[in-house]
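After the sequence you'll find the predicted model.
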Amino acid sequence: AAGVIQSPRHLIKEKRETATLKCYPIPRHDTVYWYQQGPGQDPQFLISFYEKMQSDKGSIPDRFSAQQFSDYHSELNMSSLELGDSALYFCASSLLGSVGPYNEQFFGPGTRLTVL
Amino acid sequence: AQSVTQLGSHVSVSEGALVLLRCNYSSSVPPYLFWYVQYPNQGLQLLLKYTTGATLVKGINGFEAEFKKSETSFHLTKPSAHMSDAAEYFCAVSRQFGNEKLTFGTGTRLTIIP
């Protein structure tokens, strides 16, 4: 079965550079979530989109922006990168319209961002 | 607001022994509860979940967890540890809405002793 695809899998950037992370949800899934997992830390929710509209926002820095496109893929744009942005960035997707109130989030393999 | 506390950042058990990973949650509304496993350099895989109904839930790889509302707990157990169970385990909570974010605990690294 198709899974969540994230690209690139690894990314190395210098301080103050910009980075764009991409997420391709499972086909037919309408909701995308972004999480950040720092070294040795738990995943922290950044932002989510449902039907191309922002549905929730967590502890996402103002330097970061994200959007969901008409084909439901999502991009996380990160500017003025800092050393502390080095982390594993996960994307997850779910289908809100599925049967029942619970919509499982399926996680991608993550993008490991290293800021030097 | 919701939060999860995982007691013990590192747990070591012998192969074949009982695995018990502790999770307590705080939620002002009825929660959904989850356990995820993360192997080194990999993504998060759902082990099991509690949404509604039966409070004892069974997951993949022989794991199970029991939702105890009175104790606000959702501990993860496995009767007999296997070497392949060595990984990081995260407990997570969300509100009972369709596309709610997950709030994770700080994780427990499980080591299996041969």
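Looks like it came in fine. Numbers count the residues shown, from 1 in each chain, chains lettered A, B, ... in the order given.

rest of the way, CA atoms for contacts and neighbours
Fine.

contacting residues around A:Glu14?
A:Glu14 sits next to A:81, A:115-116 when contact means Cα atoms under 8 Å, 6 or more residues apart in numbering or on different chains.

which sections of chain A are below the confidence cut-off?
Chain A contains residues with pLDDT under 70 at A:97-102.

At the contact with chain B, which residues of it appear?
Proximity of chain A to chain B, by Cα under 8 Å from any Cα of the partner chain, involves residues A:31, A:33, A:41-45, A:48, A:56, A:90, A:94, A:96, A:101-103, A:106-110.

next one: phi and psi at the residue of chain A found nearest chain B?
Residue nearest to chain B within chain A: A:Pro109 (4.2 Å; Cα to the nearest Cα). Note on A:Pro109: its backbone torsions stand at phi -80, psi -10 [degrees, to the nearest 10].

That one - how many residues pack around it?
Look at A:Pro109: counted by other Cα atoms under 10 Å in any protein chain shown, it has 22 neighbours.

so who does it touch?
A:Pro109 sits in contact with A:4-6, A:9, A:90, B:42-44, where contact means Cα under 8 Å, 6+ apart.

now do A:His10
A:111-114.

where in chain B is pLDDT low?
Residue ranges of chain B with pLDDT under 70: B:98.

for chain A, what are the nearby residues on it?
So far as Cα under 8 Å from any Cα goes, chain B lies against chain A at B:42-45, B:51, B:90, B:96-99, B:101-107.

at 6 Å instead, please
By the rule Cα under 6 Å from any Cα of the partner chain, the part of chain B lying against chain A is B:42-44, B:98, B:106.

Show only the entries of those found in helices.
Secondary structure defined by DSSP state H assigns none of these to helices.

which one of these is nearest B:Ser84?
B:Gln42 (14.3 Å; Cα to Cα).

What residues does the nearest residue to B:Ser9 once chain neighbours are set aside make contact with?
Nearest residue to B:Ser9, sequence neighbours excluded (Cα to Cα, 6 or more residues apart in numbering or on different chains): B:Thr108, at 4.4 Å. B:Thr108 makes contacts with B:9-10, B:88-89, as judged by Cα atoms under 6 Å, 6 or more residues apart in numbering or on different chains.
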